[in-house]
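S.K.: A structural model of the following input is requested.
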Amino acid sequence: MGNWETKLIRHKGEQRIAIYFDNDRKKNDFVKSIAGSKWSRSLHAWHIPDTDQNRVHFEVVSMNGPVMSEEIRGAIADFKDWLRSRRYSENTVGTYSEALKSFLLFFHGKTISAISNQDVIEYNNRYILQRGLSASYQNQVVNAIKLFFRIIKKAEIDIAAVHRPKRSKSLPSVLSKEEVKRLISVPVNQKHRMMLSLLYSCGLRSGELLALQPSHIDSERYLILVKKIARARKTGLRH
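M.R.: Model (predicted):
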């Protein structure tokens, strides 16, 4: 995500960290998920508790300088270079590098070489799950960690030990017979109506429909031979 601007402030008698960023839904949702985060109308910014962990994550400059170590800074830069060399989109580069930074800064007291499988599991449980971050963010972090340690550090981190969130399942919208009938009857052109009927009754893809030839139809067995590139399959007609 990147491009944060932070400032230590005193707000209503409390030491806080003000966070400024451009209008971005992902950033907004992430800051809202941080424990103790609040929106200030007077500041026109989010502000969060001034804790060591929050200072580390947002690279808040203290009297002693930046809290992010040179090792972590260099590791993230190497990771970005590798992602760009593999032609990942800039959006993915930003998302993955931010996810990796969040993970490495969570264990800023350790050297990267000392990070173990247990640390990955601990981060998943103590940071992602406790904050109620989304399943998609959890997957992004796991993917970023996997790439970083496998490609950049060539380390033996067993990502399989980290539980990925289950994919949400949603029921498809199923049209009633009357709705299907009305849909197919909309075209005036008989050829177009026949194309819609074939798409629905045989479950064809558009490319498969366009490749269909009269010789592919077995009218005696109510079968159609569906061909696409070098692959062929048979499908039955719905009566």
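
S.K.: contacts and neighbour counts: CA atoms only from here.
M.R.: Fine.

S.K.: How about the host helix or strand of residue 28, which residues are buried there?
M.R.: Assigned by DSSP states H and E, residue 28 falls within helix 25-33. Neighbour-count burial for helix 25-33 flags 27, 31, 32, 33 (criterion: 16 or more other CA atoms under 10 Å).

S.K.: helices or strands up against the helix or strand just after that helix?
M.R.: Following helix 25-33 in sequence order, the next helix or strand is strand 38-40 (DSSP H and E). Where contact means 3 or more CA pairs under 8 Å, 6 or more residues apart in numbering; DSSP states H and E, strand 38-40 is packed against strand 45-49.

S.K.: Kindly recompute the last result at 10 Å.
M.R.: In terms of contacts (3 or more CA pairs under 10 Å, 6 or more residues apart in numbering; DSSP states H and E), strand 38-40 is packed against strand 14-20, helix 25-33, strand 45-49.

S.K.: what angle sits between the last one and strand 14-20?
M.R.: Regarding strand 45-49 and strand 14-20, their directions subtend 140 degrees when assessed with axes from the mean of the first three to the mean of the last three CA atoms, to 10 degrees.

S.K.: Now do strand 45-49: everything it contacts.
M.R.: Here strand 45-49 makes contact (CA atoms under 10 Å, 6 or more residues apart in numbering) with 6-9, 11, 14-21, 28, 31-32, 34-40, 54-55.

S.K.: wait, which of the helices and strands packed on strand 38-40 is closest to residue 186?
M.R.: helix 25-33 (39.8 Å; CA to CA).

S.K.: What lies in contact with the closest one?
M.R.: Applying CA under 10 Å, 6+ apart, the external contacts of helix 25-33 come out as 1-4, 19, 21-22, 37-39, 46-48, 95, 128, 130-134, 137.

S.K.: State the distance from the residue nearest the centre of the chain to residue 149.
M.R.: The residue lying closest to the centre of the chain (CA atoms, centre = their mean) is residue 136, at 4.5 Å. Look at residue 136 and residue 149: by CA to CA, to the nearest Å, they are 20 Å apart.
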